[in-house]
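# Take a look and give me a structure for this.
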Amino acid sequence: MERDYPLEKVRNIGIIAHIDAGKTTTTERVLYYTGVSHKIGEVHDGETTTDWMEQERERGITITSAAVTCFWTPTYALTDKTKKNRFNIIDTPGHIDFTVEVKRSLRVLDGAVVVFDGVAGVEPQSETNWRYADEAMVPRICFINKLDRTGASFEHSYKTILERLSKKAVRMQIPIGLEEKHEGVIDLLRMKAYYFEGDMGNKVIEKDIPEEYKADAEKYHSELIETIVSHDDAAMTAYLDGKTPDLDALKKILRKAVIANEVFPVFAGSALKNKGVQLVLDGVVDYLPAPTDIKPVTGINPDNDQPVSRSASDSEPFAALAFKVATDPFVGQLIFFRVYSGTLTAGSYVYNPRTRNKERIGRILRMHANDREEVKKVFAGEIAAAVGLKDTITSDTICEEENPIELDRIVFPEPVISLRIEPKTKADQEKMGMALNRLAQEDPTFRVSTDQETNETIIAGMGELHLEIIVDRMKREFTVEANVGKPQVAYRETITGEADAEGKYIKQSGGRGNYGHVKIKVKPMDMTLTKEEIEDLPKNVKREAHFEFINDIKGGAIPQEYIAPSEKGFREGLDRGILAGFKMVDVSVTLWDGSFHEVDSNEMAFKIAASMAIQDAARRARPVILEPMMKVEVITPDKFMGDVTGNLSSKRGLIEGMEDRGMNKVVKAVVPLSEMFGYMTSLRSMTEGRAGFTMEFLRYDIVPQNVADEIIKNRK
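The predicted structure is shown next:
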């Protein structure tokens, strides 16, 4: 079986945005114009293709990212079938509670279309998603959507992109009319006006630029040309000599700059009113990278820890990254994966470097949201789903055993909220355990644990909505009825001072005894180090996100085989904090001395000694409780501004700024998560139901003493 599309004609893209900016509506238009669906589903009707879960349709939001394959011939080449391109599109959620879906999708995509609300411009989740795309170095094009809405302003939205996201954004288009007068767009590169007529705007009509827009178009055309030629020395020289490169040359230079993340083209339109989407698809073809334009993917050889890389080519050894686990009611567990190199045939075996085991690929499916098409083989640069992988989880690499490679794992944020859950009946007991495990496999930001003291099950996630959806899915998909406790904040503990301690565990019980002895220093971890400084740390320093271990043993005071058990003991000792039993984070431990017994010393004795030492040291290193702080944005009519700011201040909130957005005011604040439970209800009653808010995790801060005393009292 041969590849049906050349690799340079493939685009793996994501559609990302703040909640309610119109991502799913845009995706529906894309599917309609590319011929995948013959009817446009609307979010408000609960009939969209990519929002296929019951919970998504009921709430009108996206919860899981959905993968869709479609095909597109650019509008300027409709008669030329050799220009047909294959798109693998992932529609991602905008709600902060499901931000993990964006993060993991960006890891396997080559480009992204970032959608903005034409009234609001850049919103909090737009900033978070942009940051994730920066981390993943994913090239982007921007689409300012909803220009048909009351209060829409292309220029205001464009300005917020420049101010809050990147100075490298550049207008590719300007709209013809705004609000109810929004008719089409002007292409500043071609200097033509485009209108969208016929059934659902499927006829793209090219006309001359209307007289009243000519001056603006000329001005922005010059800006665009200057931006493009500044990325090519030869073109710049020619331009200064009065020669403007032709259209194809300009597009080539711009494409190169977009792929290098040097330019972010900005498009305009209204997906709901079927204006502008086809030209965004043309932009995807013209400016976003094919797998062949991306640098080779790098990883390590798990056998010798040497760096290795793979280019996007069918002839290279097979390597793919599993980025999502989903449960399908018809075929069981699906593993979504991105093929970086080589090919994979159904029925063949793949190697997982994490488990060091081989697994057989039963079937390979190409996904169209929740529909699937079975294929016999997938090629480099494709996104597909596999059936039959039992031990593969999110972030695992699958590859050839003869040519192993382990790709970088995806790093996920820690949960900030937890609640207790118990089955309603004895029959639900076993089913609940199975359901929670399955859901935790699918979602790396959802954690299940057991409270050691009370033996209760605790589930933790990214927010109230996240956990609400989990409990709802458990009920519908696994028919498990459960009682749920009140949400709890995921507090942490840390130390603010330095301390020395000694841990000695000696136990004689007739015959061979136990002897472990360690001397340690603890101090707060230095969180200001840059990535380069961390990479340059000495070999004896082992550093992770919230824990640092320094092995400073000289002259064999503790034998090498007892160092790892000691480190394990330190970690276990930090699992239960001193003040209220919360996990301790951001602690640096130096093991500098100790002693051992030739006969009685063993791994268990050193682990216990280390755990005792760290608890003792932490007690004397000025421990404090940390709480999650949330970045909150409240959008309210002007007349309720005083009530909103006063209320946020009473919640220990720090007001960081205010601005106008259309007819409303926006209040930006940082507020402890513990104060935000049930905020929606009080905000509605305070503002006659006219205000709304968004909230996302920002950082952990030290809890004031009076609040800490209350937390400790409640834990006892």
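
# where along the stretch 151-300 of the chain do the helices fall?
154-164, 214-229, 233-240, 247-259, 277-287 (DSSP state H, counting those that start in this stretch).

# want to throw the ones you listed into CSV with mean pLDDT, distance to M474 and mean neighbour count?
Every residue, glycine included, has its C-beta placed from N, CA and C. As requested, the helices of the stretch 151-300 of the chain are exported to CSV (pLDDT from 0 to 100; distance: least, CB to CB, whole Å; neighbours: other CB atoms under 10 Å):
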stretch, mean pLDDT, distance to M474, mean neighbour count
helix 154-164, 92, 38, 18
helix 214-229, 93, 51, 16
helix 233-240, 90, 58, 14
helix 247-259, 93, 43, 18
helix 277-287, 91, 37, 23
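
# With distance to V666 added, can I get those helices in CSV?
Rendered in CSV, the data for the helices of the stretch 151-300 of the chain read as follows (distance: least, CB to CB, whole Å):
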stretch, distance to V666
helix 154-164, 11
helix 214-229, 28
helix 233-240, 40
helix 247-259, 31
helix 277-287, 27
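
# For L467, grab the count of nearby residues.
L467 is flanked by 22 other residues according to other CB atoms under 10 Å.

# wait, what's in contact with it?
The contact partners of L467, by CB atoms under 8 Å, 6 or more residues apart in numbering, come to 417, 419, 459, 461, 487.

# closest to E477 among those residues?
Comparing these against E477 with CB to CB places I459 closest, at 15.5 Å.

# Just tell me which of the helices of the stretch 151-300 of the chain ends up closest to L31.
helix 277-287 (10.3 Å).

# got the CA positions of the closest one in PDB?
Provided in PDB are the C-alpha atoms of helix 277-287 (Å, rounded to 0.1, in the frame of the first residue of the first chain):
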ATOM      1  CA  VAL A 277     -12.900  30.600   6.600                       C
ATOM      2  CA  GLN A 278     -11.800  29.400   3.200                       C
ATOM      3  CA  LEU A 279      -9.000  32.100   3.100                       C
ATOM      4  CA  VAL A 280      -7.800  30.900   6.500                       C
ATOM      5  CA  LEU A 281      -7.500  27.400   5.000                       C
ATOM      6  CA  ASP A 282      -5.600  28.900   2.100                       C
ATOM      7  CA  GLY A 283      -3.300  30.400   4.700                       C
ATOM      8  CA  VAL A 284      -2.800  27.000   6.300                       C
ATOM      9  CA  VAL A 285      -1.600  25.600   3.000                       C
ATOM     10  CA  ASP A 286       0.500  28.600   2.100                       C
ATOM     11  CA  TYR A 287       2.200  29.400   5.400                       C
END
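
# List the contacts of that helix.
When contacts are defined by CB under 8 Å, 6+ apart, helix 277-287 is touched by residues 11, 13, 26, 29-30, 33-34, 72, 74-76, 83, 85, 87, 111, 113, 139, 141, 143, 172-173, 185, 187, 194, 196, 201, 204, 251, 254-255, 258-259, 265, 267, 269, 271.

# Separate out the buried members of the residues you listed.
Buried subset of the contacts of helix 277-287 (neighbour count, 16 or more other CB atoms under 10 Å): 11, 13, 26, 29-30, 33-34, 72, 74-76, 85, 87, 111, 113, 139, 141, 143, 172-173, 185, 187, 194, 196, 201, 204, 254-255, 258-259, 265, 267, 269, 271.

# Among these, which are located in strands?
Secondary structure defined by DSSP state E assigns 11, 13, 72, 85, 87, 111, 113, 141, 143, 173, 185, 187, 194, 196, 204, 265, 267 of these to strands.

# which residues does the first one bridge with?
Each beta-bridge partner of R11 is listed here, defined by DSSP bridges: F87.

# Could I get the pLDDT score of it?
The predicted local confidence for R11 comes out at a pLDDT of 90.

# again with the third one
W72 carries a pLDDT score of 83 in this model.

# Spell out which residues sit in contact with it, please.
Counting by CB under 8 Å, 6+ apart, W72 has contacts 33-34, 84-85, 87, 281, 284-285.

# Between those, which sits nearest R164?
Nearest to R164 among the contacts of W72 is V284, at 23.6 Å by CB to CB.

# any idea how far that closest one is from N145?
V284 sits 15 Å away from N145, taking CB to CB, to the nearest Å as the criterion.

# ok, now V471?
V471 sits 33 Å away from N145, taking CB to CB as the criterion.

# With neighbour numbers in mind, choose between these two.
Neighbours of V471 and N145, each counted by other CB under 10 Å, are more numerous for N145; the result is 31 against 17.

# Surely that one is in contact with F116?
Yes. Look at N145 against F116 with CB atoms under 8 Å: they come within range, at 6.5 Å.

# who touches both of the two?
Between them, N145 and F116 share the contacting residues A21, judged by CB under 8 Å, 6+ apart.

# Next up, the contacts around the nearest residue to N403 once chain neighbours are set aside.
On the basis of CB to CB, 6 or more residues apart in numbering, the spatially nearest residue to N403 that is not a chain neighbour turns out to be P317, at 3.6 Å. The contact partners of P317, by CB under 8 Å, 6+ apart, come to 310, 341-342, 399-400, 402-403, 405.

# Quick one: find the helix or strand in this protein with the lowest mean pLDDT.
Ranked by mean pLDDT, DSSP states H and E, the weakest helix or strand in the chain is helix 54-59, scoring a mean of 43.

# What about the contacts of L467, which are in strands?
Of the positions in those, 417, 419, 459, 461 sit in strands, assigned by DSSP E.

# So, low pLDDT: which residues of the stretch 401-550 of the chain?
When the per-residue scores of the stretch 401-550 of the chain are filtered using pLDDT under 70, the ranges that remain are 452-454, 510-511.
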